[in-house]
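Asker: Everything below, folded, please.
(one chain, ligands or ions: 1)
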Amino acid sequence: MAQTTQIAVLGAGPGGYAAAFYAADLGMQVTLIDVEKNPGGVCLYRGCIPSKALLHVAKVVDEATHASKWGVTYGAPSIDVDKLRAYKQGVVDKLTAGVGSVAKLRKVNFVQGRATLTGPKSLTVKTAAGNEVELVDGGYCANNPTLYAIADATGSLHKPVEDLRVVSIGVGTYPEPKPGLMMLFAKKYLLSVQLLQKTLEINTQSMDQLRTILFGHVATIRISDTFEKPEMATDLMEHDLKKLNLLHQRGGDSFAGREADLAAFLR
Ligand SMILES: Cc1cc2nc3c(=O)[nH]c(=O)nc-3n(C[C@H](O)[C@H](O)[C@H](O)COP(=O)(O)OP(=O)(O)OC[C@H]3O[C@@H](n4cnc5c(N)ncnc54)[C@H](O)[C@@H]3O)c2cc1C
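Answerer: So this is what the prediction gives:
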């Protein structure tokens, strides 16, 4: 069965689904493809969210242990691993279903299946039901944290450090928008929102600091500026097109500011 689409986004991780939502908001017809049941990618299914759900439990156990110093002593914890896994899975299911609903609301055509590129403007998707769908045109390449890329290159592939040149392009750092009443409530009482918030705090910046500590000797240009003015306040849920265009311009300016360095670096 052949289908046409203006944009096909392969991979529904945070990079892919954000790109798909943005394109849909701009009025484009978008197909988002992933092997998982819902969008979410490594971050929601296997990375940030499940690890933070478990870290939260570990923190509670750790704090309870240390409470003896303050005169409050608990017994040794009894850990029901299956229940713990079910709790972690519950958080993952809730958040990925939530992103799935947002995709529907934005009229993004989400296709569950494994995609194979068949040409510069076409790909086929083997769906969960065993059907083969051919999609024509478009595509995005989602980002990957530089930290892992360098670790892969040096640790796993044993590439010599002196052969590496890394260009790391971020989205920039912006002030947090003032939360509405609903968001204030969600941040105070909803564990899933608190976990997501925590995930975003341990974000690209900390990953980049870790890169500097571990791989400071690897030649790198990082393009990701800080915009402190309150009117630049934004987050991943930003949907004001005027502001998104402004952010896009700021991204272009950041890039232009490093263009000469980049040319020299890549020569
Ligand atoms: C344990 C762990 C903890 C982490 N914690 C944090 C954290 O606290 N904060 C943070 O900022 N980041 C964290 N990360 C990193 C974060 O998960 C990644 O940066 C993020 O997921 C990258 O998003 P992405 O959209 O680029 O790609 P991914 O999330 O990798 O998404 C790619 C998607 O493409 C799909 N796909 C691939 N090939 C095909 C195909 N042929 N057909 C269909 N679908 C396909 C995959 O199923 C996947 O869903 C963590 C990662 C790990 C592993």
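Asker: C-alpha only now, for contacts and for neighbours.
Answerer: Fine.
Asker: List the contacts of M232.
Answerer: 174-175, 243 (C-alpha atoms under 8 Å, 6 or more residues apart in numbering).
Asker: If any of these are buried, put those into a PyMOL selection.
Answerer: The following PyMOL line selects those of these that are buried, judged by 16 or more other C-alpha atoms under 10 Å:
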select buried, resi 174
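Asker: hey, where'd the helices end up in the stretch 151-267 of the chain?
Answerer: Assigned by DSSP state H, counting those that start in this stretch, the helices in the stretch 151-267 of the chain fall at 181-189, 191-201, 204-215, 241-266.
Asker: One more: the stretch 1-150 of the chain?
Answerer: Using DSSP H, counting those that start in this stretch, helices in the stretch 1-150 of the chain cover 14-25, 41-45, 48-66, 81-105, 146-151.
Asker: These into a markdown table, with extra columns for distance to A219?
Answerer: Listed next are the helices of the stretch 1-150 of the chain as a markdown table, based on distance: least, C-alpha to C-alpha, whole Å:
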| stretch | distance to A219 |
| --- | --- |
| helix 14-25 | 25 |
| helix 41-45 | 27 |
| helix 48-66 | 27 |
| helix 81-105 | 37 |
| helix 146-151 | 11 |
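Asker: Buried deepest among these, which one?
Answerer: helix 14-25 (a mean of 21; mean count of other C-alpha atoms under 10 Å).
Asker: Kindly export that helix (C-alpha atoms) in PDB.
Answerer: Output in PDB follows, covering the C-alpha atoms of helix 14-25 (Å, rounded to 0.1, in the frame of the first residue of the first chain):
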ATOM      1  CA  PRO A  14      12.200  13.400  21.800                       C
ATOM      2  CA  GLY A  15      14.000  14.700  18.600                       C
ATOM      3  CA  GLY A  16      11.500  13.000  16.200                       C
ATOM      4  CA  TYR A  17       8.300  13.800  18.000                       C
ATOM      5  CA  ALA A  18       9.200  17.400  18.600                       C
ATOM      6  CA  ALA A  19      10.100  17.800  14.900                       C
ATOM      7  CA  ALA A  20       6.800  16.100  13.900                       C
ATOM      8  CA  PHE A  21       4.700  18.300  16.300                       C
ATOM      9  CA  TYR A  22       6.400  21.400  15.100                       C
ATOM     10  CA  ALA A  23       5.900  20.500  11.400                       C
ATOM     11  CA  ALA A  24       2.200  19.700  12.100                       C
ATOM     12  CA  ASP A  25       1.700  23.000  13.900                       C
END
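Asker: helices or strands up against that helix?
Answerer: strand 7-10, strand 30-34 (3 or more C-alpha pairs under 8 Å, 6 or more residues apart in numbering; DSSP states H and E).
Asker: could you dump the ones you listed to TSV with mean neighbour count and distance to K121?
Answerer: Output for the helices and strands packed on helix 14-25, formatted as TSV (neighbours: other C-alpha atoms under 10 Å; distance: least, C-alpha to C-alpha, whole Å):
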stretch	mean neighbour count	distance to K121
strand 7-10	24	9
strand 30-34	25	14
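Asker: just so I know, which of the ones you listed lies nearest T146?
Answerer: Nearest to T146, of all those, is strand 7-10, at 20.1 Å by C-alpha to C-alpha.
Asker: quick one: average pLDDT of stretch 187-200?
Answerer: The pLDDT scores in stretch 187-200 average 71.
Asker: again with stretch 254-267
Answerer: For stretch 254-267, mean pLDDT rounds to 84.
Asker: And that stretch, what's buried?
Answerer: 254-255.
Asker: For the residue nearest to D225 when sequence neighbours are not counted, which residues are in contact?
Answerer: Of all residues not flanking D225 in the chain, G172 sits nearest, at 4.6 Å (C-alpha to C-alpha, 6 or more residues apart in numbering). By C-alpha under 8 Å, 6+ apart, the residues touching G172 are 223-227, 251.
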